[in-house]
Every structure is written in structure tokens, then in C-alpha cells.
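Engineer: A structural model of the following input is requested.
(one chain, ligands or ions: 1)
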Amino acid sequence: MAFSEKNITRIIVKEAAKDWEKISETDVVVVGAGPAGLTAAHYLRDFGFDVVVFERRLSFGGGIGGGGMLFHKIVIEEDAKEIAEEFGMKLEEVESGLYAVDSAEFLAKLSYYAIESGAKVILGVTVDDVVFRPDPLRVSGVLVQWSAVQISGLHVDPLMIESKAVVDATGHDAEVISVAARKIPELDIFIHGEKSAYSEMSEKLVVEKTGKVAEGLYAAGMAVSAVHGLPRMGPIFGGMLLSGRKVAEQIMFDLKK
Ligand code: 48F
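Structural biologist: Sure, this is the predicted structure:
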């Protein structure tokens, strides 16, 4: 088989350009490939939407890989067992209603199922702003930049993506919603900021409060806690799975109307 370096370059540039052309207009942008974002991406694809996940880092999983203080286990509670099993996880019931999973297994299987369902995951890209339209006021996309460019501090204009819905699954800082709250005051979003830990309460509230924060803009996972001032919960992850599924269901309901 004959090929040279130019073939490798051409394939990479052409194929990546094809993807970017396609995702410049997509149904749903998910920001962050942590547990909430990956779960949301999987269910959104199941509901038939085109989904792109932008992840700042060059790896999946957000806070999963670190387990609990680097011990390689995470905990899932009974309510989320069904979702974890749908993702093929082997759950070990250690106490009544509490299951332990290896962080590597949790991370790999969530990532696998998000990709397998057809979500396009692009690593090394940071979302640093949103697109909006007045009349009716709504968020209608995101601005994206290579994370490497952001880190370098170079002034490079980003590219823009149009979408019907944006999911902030960026974790504890709710980065996308924070930017929207600051730059589009008409959206009337107030970021309360996360509280100290109360795990049981937090697991329940994070799911209850998951959903739309403005037209076209949704919160999932720990971004929900930041926006609504909920307590944190540490390395118990059932709420992240349930929140990811719930945001997908809400978007399906809103977009199919
Ligand atoms: O932080 P992260 O895991 O958020 P999550 O899905 O889950 C929280 C848990 O990991 C844990 C917890 C619950 O038990 O307390 O902390 O809510 O994943 C967020 C991902 O988003 C990426 C970030 O690198 C991480 O992988 N991210 C953050 N900001 C941006 C971003 C951004 N502006 N653009 C792209 N990716």
C-alpha cells in the first residue's frame, strides 16, 4: 500500500472540515464531557437529535477519573441503577441501595455509549460565549475556540455554532450560563453559587432543578447546583446520570412541541 505524509494531512484536514461544516448547525450543543454531559448526549441521540459535545480537555469524564480523593471508586444510589445498567455497568451493592463502581469503568462506559449512540464529541475545544437572538429572546448557539489558543492568551476570534438548544454541563462553575447571565442581562438569570456539602439533599435537588434556565439554554449536572445555589455532594454520581437523562427529556419535550 503506497501513501505518503501528504495523504495523512489531507485526510485529517478534509474529514475534520466535513464534520465542522455539518456541526455548524446542529440540534443540540452539549458543553462538557463529564457524567451529566455524556449521559445527556446519549439520550438526546436516542430521541433522534443531532448532538455535538464540546470538551475543553483532551480527555473524557470531567470529575469521574479522580473517583473520591483519587480512590478509584465512585458511588451510585438505587434511583440511578437503571441508567447505570443501561450503560452496561457492573454494580456491586455494598450497602442497601448503594453501589460501588470503578471510576475507570464508569468513565469508559459513559463515553462509549455517548459515542456509540452517534453523538459527535470534539475534544480540546472550549465554549466561551453564546449566540442570542431577541424577539423572542433566546440562546441560539455557542462560540467555540481551541482550548490551546485560549490557554496561550492569543487574540484569535472564535467560530460560531447555531443550535436549537445548548446544555451547560460544565460542572461546578456553570461556565456557559454564567457568561450568558453576565452578557445578556435581559435573560434575567441569577447565579446563586454552589453551597457546602449535603449529599442526600443535593442528589435529590440537582435532578429536580435540572432543565431550562432561558429559552434555548439548559443546565445539567453540577452546573444546576451552581445556578440554583444547591449543596455539593462529593463522589456519588447517581444525580449526574439522572440529571443528564432529565435534561434530554426536557429538550425533547420542548423541541418536539
Ligand atoms: O466537572 P464535570 O464532571 O461536571 P458534571 O458532569 O459532574 C460533576 C461530577 O464530576 C462531580 C460531582 C458530582 O458527583 O460533584 O464533580 O456536572 O464535567 C464538566 C466537564 O466540562 C468541561 C470540563 O473540562 C469537564 O470535563 N468544561 C468546563 N467548562 C467548559 C468545558 C467549557 N467552557 N467548554 C468546554 N468544556
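Engineer: and the residue sitting nearest the centre point of the chain, what does it touch?
Structural biologist: Centroid-nearest residue in the chain, with C-alpha atoms, centre = their mean: residue 37, separated by 2.4 Å. Counting by C-beta atoms under 8 Å, 6 or more residues apart in numbering, residue 37 touches 30, 31, 53, 55, 62, 167, 169, 220, 221, 244. Backbone N, C-alpha and C define where each C-beta goes, glycine included.
Engineer: mind listing what the closest residue to residue 59 other than its chain neighbours touches?
Structural biologist: Closest residue to residue 59 apart from its sequence neighbours, by C-beta to C-beta, 6 or more residues apart in numbering: residue 123 at 7.0 Å. Residue 123 sits next to 33, 55, 57, 58, 59, 60 when contact means C-beta under 8 Å, 6+ apart.
Engineer: switch the cut-off to 7 Å
Structural biologist: Residue 123 sits next to 55, 57, 58 when contact means C-beta atoms under 7 Å, 6 or more residues apart in numbering.
Engineer: try residue 97
Structural biologist: By C-beta under 7 Å, 6+ apart, the contact set of residue 97 is 77, 78.
Engineer: the ligand versus that one, what's the distance?
Structural biologist: From residue 97 across to the ligand, the span is 17 Å (C-beta to the nearest ligand atom, to the nearest Å).
Engineer: phi, psi for that residue please.
Structural biologist: phi 80, psi 0 (degrees, to the nearest 10).
Engineer: distance of it from residue 232?
Structural biologist: Plainly put, residue 97 is 21 Å away from residue 232 if you go by C-beta to C-beta, to the nearest Å.
Engineer: which secondary element of the protein has the worst mean pLDDT?
Structural biologist: Every helix and strand in the chain was compared by mean pLDDT, DSSP states H and E; the lowest is strand 92-95, with a mean of 93.
Engineer: touching whichever helix or strand comes after that strand from outside, list them.
Structural biologist: As assigned by DSSP states H and E, the chain's next helix or strand after strand 92-95 is strand 98-102. Strand 98-102 is contacted from outside by 72, 73, 74, 75, 76, 77, 81, 89, 91, 92, 93, 94, using C-beta under 7 Å, 6+ apart.
Engineer: quick check: the two most widely separated of these?
Structural biologist: Longest distance between any two of the contacts of strand 98-102 is 20.2 Å, between 72 and 81; criterion C-beta to C-beta.
Engineer: tell me which of these two has more neighbours.
Structural biologist: Counted by other C-beta atoms under 10 Å, residue 72 and residue 81 do not tie: residue 81 has more neighbours, with 17 against 14.
Engineer: pretty sure the more buried one contacts residue 92?
Structural biologist: No: with contact defined as C-beta atoms under 7 Å, residue 81 does not reach residue 92; the gap is 11.5 Å.
Engineer: which stretches of the stretch 101-250 of the chain have low pLDDT?
Structural biologist: The stretch 101-250 of the chain contains no residues with pLDDT under 70.
Engineer: just the helices in it please.
Structural biologist: Residue ranges of the helices in the stretch 101-250 of the chain, as given by DSSP state H, counting those that start in this stretch, are 103-116, 147-152, 175-183, 199-208, 222-228, 238-255.
Engineer: tell me if the last one is near the ligand.
Structural biologist: When you say that, I think you mean helix 238-255. Yes: Helix 238-255 lies within reach of the ligand by C-beta under 6 Å from any ligand atom, at residue 240.
Engineer: okay if I get the helices of the stretch 101-250 of the chain as JSON lines plus mean neighbour count and distance to residue 5?
Structural biologist: Below are the helices of the stretch 101-250 of the chain laid out as JSON lines (neighbours: other C-beta atoms under 10 Å; distance: least, C-beta to C-beta, whole Å):
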{"stretch": "helix 103-116", "mean neighbour count": "20", "distance to residue 5": "28"}
{"stretch": "helix 147-152", "mean neighbour count": "13", "distance to residue 5": "22"}
{"stretch": "helix 175-183", "mean neighbour count": "19", "distance to residue 5": "38"}
{"stretch": "helix 199-208", "mean neighbour count": "18", "distance to residue 5": "49"}
{"stretch": "helix 222-228", "mean neighbour count": "27", "distance to residue 5": "42"}
{"stretch": "helix 238-255", "mean neighbour count": "24", "distance to residue 5": "41"}
